[in-house]
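Student: Can you look at this prediction? I've put the sequence above it.
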Amino acid sequence: MSQQSTTYDAIPRRPYLASMSPSKIFELQKAHFRAHPNPSIAHRKSRLKALRSALLQQEDALKEALWKDFSKPPYEVELTEFLTTLIELDHALRHLSDWMKPQRKRTPVVLIGTRTEVRCYPKGLSLIMAPWNYAVLLTLGPIIHATAAGCPFVIKPSEYTSHAAALLKDMVEDIYPPEEGAVFLGGADIATELLAMPFTHVHFTGSARVGQIVMTAAAKHLASVTLELGGKSPTYIDPSADLESAAKGVCFGKFSNAGQTCIAPDYLLVHRDVAEAFKRALMAEIQRAYIPGTGDADLTSIISSDHLARQQDLIRDARDHGAEVVVGGGSDNTTRRVEATVILEPPEECRVMQEEIFGPILPFLVVDGIEDAIERIHRRQKPLSTYVYAKSDAVMDRFSESVRTGAVCKNTTMLQFVQPFGPFGGEGNSGIGRSHGEAGFKAFSNEQVVLKRRWGSWIVRLVQPPYSRRTSWIGKAFRRFT
């Protein structure tokens, strides 16, 4: 698949659609899907190519919008939003043909004379509720999956990133006619209205608290859900780790987007034998990459004043419980920036150890070894990701087999999100379902079994009424071949 962009043809705007309510758009999409229940591969790819072209054309405008929304550095936007989205788009374009092919299944002896395939068809009307923290990536990612699967969709972006949301609305509605895709801006009132509608699938990215509300609403219509939530993702530092490399990886994972990332390292579990050495390496890396001081343009702002107040409260609460802030701790109400902060040995009852932090605050806990680290992880809900810095694969394997988590990464952070061949998602409090690549395509698809009787219909008649001893004998004979 060529990596070059092609100019997309915008759908002619229909002025009356601007005033159409969510319920009317829903009915429009329902009628269209009933008439076109399985869009061709050419149609799906044309939409994906147009989306790719539009994303590249709007890159500078979206970077400017995200800077206005929460001072997100343009280079960070390019790396963590555009690059990752383009990887997902190109992956779908390359592999969609294979995903859509009927999958031939083997035939057991008892079904001799039949042939079975599994075909993927669109689930139908889908609701995508996108978050603010990666407004481009986490809005367009589910759109890619819904488009690949052939589903019409409605998007509800976050109201916190209003500049980016308005641009994304124009971009999406320039590509998709309303019967295929629509975007509704607004707050909780719009979200509530949309959740009351009988969508077939709901894709939500956000907090576990709101995820419960979304799942409850979806259950009323027996809609399937993909919930990408979060939680407290631990990071273990083994004595065998390259401490300087580990410090760089932890800092990038934790302080990118000012820690407002669902898979960011939430707290450190550092082996006692290297605790002091790693603390020095970590502080040196913070000094190098995120110079303490709220004017540093490489540290994204906190999204809102309320979110800023929560970060300040978390630091204050840790200090009140006797924890030491070894670096950072300051903040600026005007810029809404919080310094890259490390808190040494906060007690278990501290809020930073009870809640997902979602900010540039990093608890530093000293542990006596692997089993101590695993036991501490088990005190909390299942994490979305687990990071291990160690030389040996055996250390990583111990965490992989013991911790129920969406991903285990050795000697790196966050790269599991960029891997389109691997399904992304959590378990329980950290999420339900999987996305990315083929997993995202299947989340919006119904896997339909198609079984054909080609010959041997007389075999079935052998076990049909009237029943007799022969029926029992034939049934027992078939058991031998199951």
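Tutor: In hand now; what should we look at? This structure is a prediction, so every number in the text was calculated from the model and none was measured.

Student: Below-threshold pLDDT in the stretch 51-200 of the chain: ranges please.
Tutor: Along the stretch 51-200 of the chain, the model assigns pLDDT under 70 to no residue.

Student: Can you show me the helices along it?
Tutor: 59-70, 74-77, 84-100, 137-149, 162-175, 188-195 (DSSP state H, counting those that start in this stretch).

Student: Now do the longest one against helix 137-149: the angle between them, please.
Tutor: Between the direction of helix 84-100 and that of helix 137-149, the angle (axes from the mean of the first three to the mean of the last three CA atoms, to 10 degrees) works out to 20 degrees.

Student: Could you list the residues in contact with helix 84-100?
Tutor: For helix 84-100, contacts defined as CB atoms under 8 Å, 6 or more residues apart in numbering pick out 1, 3, 41, 44-45, 48-49, 51-52, 55, 120, 136-137, 140-141, 144-145, 147-148, 417-418, 420-421, 436-438, 440-442. (C-beta placed from N, C-alpha, C; glycine too.)

Student: how about low-confidence regions in the stretch 251-400 of the chain?
Tutor: For the stretch 251-400 of the chain (pLDDT under 70), the answer is 292-297.

Student: Could you rerun that using 50?
Tutor: 294-295 (pLDDT under 50).

Student: Which stretches in the stretch 201-350 of the chain count as strands?
Tutor: 201-205, 224-228, 233-237, 265-271, 324-327, 331-332, 337-338, 341-344 (DSSP state E, counting those that start in this stretch).

Student: domain ranges for this structure?
Tutor: For the chain, automatic domain parsing gives the domain ranges 15-229+434-446, 233-419.

Student: Tell me which of those domains lies nearest to residue 470.
Tutor: Nearest to residue 470 among these is domain 15-229+434-446 (16.4 Å), distances taken as CB to CB.

Student: In contact with residue 362, which residues?
Tutor: So residue 362 contacts 250, 254, 259, 265, 267-268, 340-343 (CB under 8 Å, 6+ apart).

Student: same check, this time on residue 331
Tutor: By CB under 8 Å, 6+ apart, residue 331 lies in contact with 294, 308, 311-312, 315, 337-339.

Student: Make a markdown table from those and add distance to residue 369 to it.
Tutor: Supplementary listing: these in a markdown table, determined by distance: CB to CB, whole Å:
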| residue | distance to residue 369 |
| --- | --- |
| 294 | 38 |
| 308 | 37 |
| 311 | 32 |
| 312 | 35 |
| 315 | 29 |
| 337 | 37 |
| 338 | 32 |
| 339 | 32 |
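
Student: Between these, which sits nearest residue 104?
Tutor: residue 311 (53.8 Å).

Student: Check the gap between that closest one and residue 134 for me.
Tutor: Distance, residue 311 to residue 134, using CB to CB, to the nearest Å: 18 Å.

Student: and what of residue 181?
Tutor: 20 Å.

Student: Just the ones of the contacts of residue 331 in helices?
Tutor: Assigned to helices by DSSP state H, the following of these qualify: 308, 311-312, 315.

Student: ok, and the closest non-adjacent residue to the residue nearest the centre of the chain?
Tutor: Among the residues of the chain, residue 228 comes closest to the average C-alpha position under CA atoms, centre = their mean, at 4.8 Å. Nearest non-adjacent residue to residue 228, counting by CB to CB, 6 or more residues apart in numbering: residue 205, 4.3 Å away.

Student: Touching, the one you found and residue 138? I think so.
Tutor: Yes: look at residue 205 against residue 138 with CB atoms under 8 Å: they come within range, at 5.1 Å.

Student: right, and the helices of the stretch 51-200 of the chain - which one's nearest residue 242?
Tutor: Using CB to CB, the helices of the stretch 51-200 of the chain put helix 74-77 closest to residue 242, at 24.6 Å.

Student: and the closest residue to residue 65 other than its chain neighbours, what does it touch?
Tutor: Sequence neighbours aside, residue 163 is the residue nearest to residue 65 in space, at 3.8 Å (criterion: CB to CB, 6+ apart). With contact set as CB under 8 Å, 6+ apart, residue 163 has these partners: 64-66, 68-69.

Student: Any idea how many residues pack against residue 40?
Tutor: The tally of other residues near residue 40 (other CB atoms under 10 Å) stands at 11.

Student: And it, what's its pLDDT?
Tutor: Residue 40 carries a pLDDT value of 97.

Student: Also residue 479?
Tutor: Turning to residue 479, the model gives it a pLDDT of 78.

Student: quick one: it and residue 473, what's the gap?
Tutor: Between residue 479 and residue 473 the distance is 11 Å, computed by CB to CB.

Student: again, but for residue 48
Tutor: Residue 48 is 56 Å from residue 473, where distance means CB to CB.

Student: of the two, who's got more company?
Tutor: More neighbours surround residue 48 than the other of residue 48 and residue 473, with 20 against 11 (other CB under 10 Å).

Student: ok, the closest residue to residue 381 other than its chain neighbours - how many residues close by?
Tutor: Distances taken as CB to CB, 6+ apart place residue 429 nearest to residue 381, at 3.8 Å, with adjacent residues excluded. Applying other CB under 10 Å, we find 20 other residues in the vicinity of residue 429.

Student: Double-check residue 429 against residue 404; I have them as touching.
Tutor: No: counting by CB under 8 Å, residue 429 does not reach residue 404; the two are 10.5 Å apart.

Student: between those two, what contacts are shared?
Tutor: Residues touching both residue 429 and residue 404 by CB under 8 Å, 6+ apart: residue 382.

Student: Can you say which of the strands of the stretch 201-350 of the chain is nearest to residue 455?
Tutor: Closest among these, once you apply CB to CB, is strand 224-228, at 36.5 Å.

Student: Give me the average confidence score over the closest one.
Tutor: For strand 224-228, mean pLDDT rounds to 98.

Student: For it, name the packing helices and strands.
Tutor: strand 201-205, helix 208-219, strand 431-432 (3 or more CB pairs under 8 Å, 6 or more residues apart in numbering; DSSP states H and E).

Student: Okay, buried residues for that strand please.
Tutor: 224-228 (16 or more other CB atoms under 10 Å).

Student: can you tell me which residues contact residue 463?
Tutor: For residue 463, the contacting residues are 471, 474-475, by CB under 8 Å, 6+ apart.

Student: before we move on, back to that, okay, the ones in helices among the contacts of residue 331 in CSV with neighbour count next?
Tutor: Supplementary listing: these in CSV, determined by neighbours: other CB atoms under 10 Å:
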residue, neighbour count
308, 20
311, 24
312, 18
315, 23
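
Student: Find me whatever residue is spatially closest to residue 358, sequence neighbours aside.
Tutor: Distances taken as CB to CB, 6+ apart place residue 260 nearest to residue 358, at 5.6 Å, with adjacent residues excluded.

Student: I figured that neighbour hits residue 357, correct?
Tutor: No: with contact defined as CB under 8 Å, residue 260 does not count as touching residue 357 (9.6 Å).

Student: Quick check, pLDDT for residue 2.
Tutor: pLDDT, the model's per-residue confidence, is 36 for residue 2.

Student: Perfect, I'm done here.
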